[in-house]
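Q: Okay, predicted coordinates and the sequence, questions at the end:
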Amino acid sequence: MSQNDIKLIAGNSHPALAKLISTRLNIPLSQVGLYQYQSTEASVVVGETLRDEEVYIIQTGYGEHSINDFLMELLISIHGCRAASARKIVAVIPNFPYARQDKKDKSRAPITAKLIAKLLEAAGCDHIITMDLHASQIQGFFHAPVDNLYAEPTMLKYIRDNMDLNNVTLVSPDAGGTKRVTSFADKLDLPFALIHKERQRANEVSKMVLVGDTKDRTCLIIDDMADTCGTLIKAARLLLENGAKEVIAMISHGIFSGNAIEKLESSEISQVICTNTVPLQKRSSKIIQLDISPVISEAIRRLHNGESISYLFSHTID
């Protein structure tokens, strides 16, 4: 792809991923300065012409600083590109911010994910590329097109290449993840188990119940994100108490906020496999990152050329 075809802008949330995408597409990152004043106000300075250009802004929903700082930086960048007369502006958001606030689950609760969608469109965004949305209905919050990519093909390839499938049972850590786990189980022809949470009151798990046989098996917990890792660690403990030989976790978005990595290090989980949709704040011998930049790069190329994106839902990109 010619560097004259599109412009790539890297936000400050995940510069390493932006560089991987830039290298993959053979397109240099555009000269755009993203700064923060001492007052914590964000500033965007466009250092080259964007007139009548197709612009892709790479900014994930987590990073070293506040997620809200990076969200404002993205909104200002989109607005700046619109002011610079860009023809098309695409926000590449591998981990969509506030995705867990996708429904009115209690009285007077805001649907914040919908607010984020409205903010992006109001800033001037024409198209969104994201990955493994916490809830697929978030796509319906937008009037603009949304391409929700999947890490599943990359994960399936890793499982096939690195695990003994004769001894693996897939596990969903809650009822909400059953559809995701059954999709993996069908493609790999593997058995699966489910952990059901019983609650005495809201936000307080009183008991976790395992449904399925995991005795003498390597249990692979599949989930879309790991934040504080409390549920993940409790699930691993339950599986081992029920005779599991080993517990491995595989997740799309490794957020690992607070002291999550320290808790993982001291937990019974032997390995955590995640993608690089968000940057790792701390390294751990237990964490393996899978690179999803080939998938995002191919999505950008296909979107630019008017080709189908659905191919990426079931095929890996080398």
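A: Ah, there it is.
Q: Just the endpoints, please. Distance across stretch 255-271?
A: One end of stretch 255-271 sits 16 Å from the other (CA to CA, to the nearest Å).
Q: got a list of contacts for it?
A: 62, 95, 225-230, 232-233, 236-237, 240, 246-249, 272, 278, 280-282, 284-288 (CB atoms under 8 Å, 6 or more residues apart in numbering). C-betas here are computed from N, CA, C, even on glycine.
Q: Take the residues you listed and keep only those in helices.
A: Members of the contacts of stretch 255-271 lying in helices (criterion: DSSP state H): 230, 232-233, 236-237, 240.
Q: Between those, which sits nearest Leu149?
A: Leu232 (23.3 Å; CB to CB).
Q: and the closest one, what pLDDT?
A: At Leu232, the model reports a pLDDT of 91.
Q: quick one: the strands in the stretch 101-250 of the chain?
A: 127-131, 146-149, 168-172, 192-201, 204-211, 218-226, 246-254 (DSSP state E, counting those that start in this stretch).
Q: could I get the ones you listed as a markdown table with mean neighbour count?
A: Output for the strands of the stretch 101-250 of the chain, formatted as a markdown table (neighbours: other CB atoms under 10 Å):
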| stretch | mean neighbour count |
| --- | --- |
| strand 127-131 | 21 |
| strand 146-149 | 20 |
| strand 168-172 | 24 |
| strand 192-201 | 14 |
| strand 204-211 | 12 |
| strand 218-226 | 23 |
| strand 246-254 | 25 |
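Q: would you list those strands in TSV and tack on mean pLDDT and distance to Phe70?
A: Output for the strands of the stretch 101-250 of the chain, formatted as TSV (pLDDT from 0 to 100; distance: least, CB to CB, whole Å):
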stretch	mean pLDDT	distance to Phe70
strand 127-131	98	14
strand 146-149	97	19
strand 168-172	96	30
strand 192-201	77	31
strand 204-211	74	31
strand 218-226	95	17
strand 246-254	96	15
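Q: follow-up on the earlier one: now list the buried members of the contacts of stretch 255-271.
A: Among these, those buried by neighbour count (16 or more other CB atoms under 10 Å) are 62, 95, 225-227, 229, 232-233, 236-237, 240, 246-249, 272, 278, 286-287.
Q: Mind pulling up the pLDDT for Asn203?
A: 44.
Q: hmm, I was thinking of Phe70
A: 93.
Q: Could you export the helix or strand harbouring it as CSV, CA atoms only?
A: Element membership for Phe70 (DSSP states H and E) is helix 67-83. The C-alpha trace of helix 67-83 is given here as CSV (Å, rounded to 0.1, in the frame of the first residue of the first chain):
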residue,chain,number,x,y,z
ILE,A,67,-8.5,6.2,30.2
ASN,A,68,-10.4,9.5,30.2
ASP,A,69,-7.2,11.4,29.1
PHE,A,70,-6.8,9.1,26.2
LEU,A,71,-10.5,9.3,25.3
MET,A,72,-10.3,13.1,25.2
GLU,A,73,-7.1,12.9,23.2
LEU,A,74,-8.9,10.7,20.6
LEU,A,75,-11.9,13.0,20.4
ILE,A,76,-9.7,16.1,20.0
SER,A,77,-7.6,14.2,17.3
ILE,A,78,-10.7,13.4,15.4
HIS,A,79,-12.0,16.9,15.6
GLY,A,80,-8.6,18.3,14.6
CYS,A,81,-8.5,16.0,11.5
ARG,A,82,-12.0,17.1,10.6
ALA,A,83,-10.9,20.8,10.9
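Q: Next SSE downstream of it?
A: strand 88-93.
Q: Outline the domain layout of the protein.
A: Domain ranges of the chain: 6-150+293-313, 152-290, per automatic domain parsing.
Q: ends of the longest one, how far apart?
A: This points to domain 6-150+293-313. OK, domain 6-150+293-313 end separation, CA to CA: 24 Å.
Q: what's the answer for the last one, then?
A: By CA to CA, the extent of domain 152-290 from end to end equals 11 Å.
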